[in-house]
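Engineer: here's my sequence, what's the structure:
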Amino acid sequence: MLEARAETRAALRITANASSQLVVDRMMQAAVALDMNDLPAPLTILGTPAFKLGPKRTLALLANMPYLHNANIETQYASVETEPGGAR
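Structural biologist: You can find the predicted model right below:
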């Protein structure tokens, strides 16, 4: 899981010292704003030093994510483990 985290942070250009909770919170807030069709809000939400590309480039990258091998595998494992009776 740590490799997947590092791979994802590198792809999104997230600073190494950014707390995981801050990153998750900001990305979830941006997703909710986009779902509500509030287009300016994600630019403010992702406008923190944790996202080195800045909000516009981060959003563009999120809209067209590259394939991340380790993140894909770990996401599948996590999905199975969260199902009732699921285990690796």
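Engineer: in this protein, which spans are helices?
Structural biologist: 2-12, 20-35, 41-45, 55-63, 69-81 (DSSP state H).
Engineer: so which bits of the second one are buried?
Structural biologist: Okay, so that is helix 20-35. Within helix 20-35, the residues scored as buried using 16 or more other Cβ atoms under 10 Å are V23, R26, M27, A30, A33, L34. In short, each C-beta sits where N, CA and C put it, glycine included.
Engineer: check stretch 34-42 too.
Structural biologist: For stretch 34-42, by 16+ other Cβ under 10 Å, it's L34, P42.
Engineer: can you show me the CA trace of the lowest-mean-pLDDT helix or strand in the chain as PDB?
Structural biologist: Lowest by mean pLDDT, DSSP states H and E among the helices and strands of the chain is helix 69-81, with a mean of 85. Extracted C-alpha coordinates of helix 69-81, given in PDB (Å, rounded to 0.1, in the frame of the first residue of the first chain):
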ATOM      1  CA  HIS A  69       0.000   0.000 -11.600                       C
ATOM      2  CA  ASN A  70       0.600  -0.300  -7.900                       C
ATOM      3  CA  ALA A  71      -2.300   2.000  -7.000                       C
ATOM      4  CA  ASN A  72      -4.600  -0.100  -9.300                       C
ATOM      5  CA  ILE A  73      -3.700  -3.300  -7.600                       C
ATOM      6  CA  GLU A  74      -3.900  -2.000  -4.100                       C
ATOM      7  CA  THR A  75      -7.300  -0.400  -4.800                       C
ATOM      8  CA  GLN A  76      -8.600  -3.700  -6.000                       C
ATOM      9  CA  TYR A  77      -7.300  -5.400  -2.900                       C
ATOM     10  CA  ALA A  78      -8.900  -2.800  -0.600                       C
ATOM     11  CA  SER A  79     -12.200  -3.100  -2.500                       C
ATOM     12  CA  VAL A  80     -12.200  -6.900  -1.800                       C
ATOM     13  CA  GLU A  81     -11.200  -6.400   1.800                       C
END
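Engineer: fine by me, thanks again.
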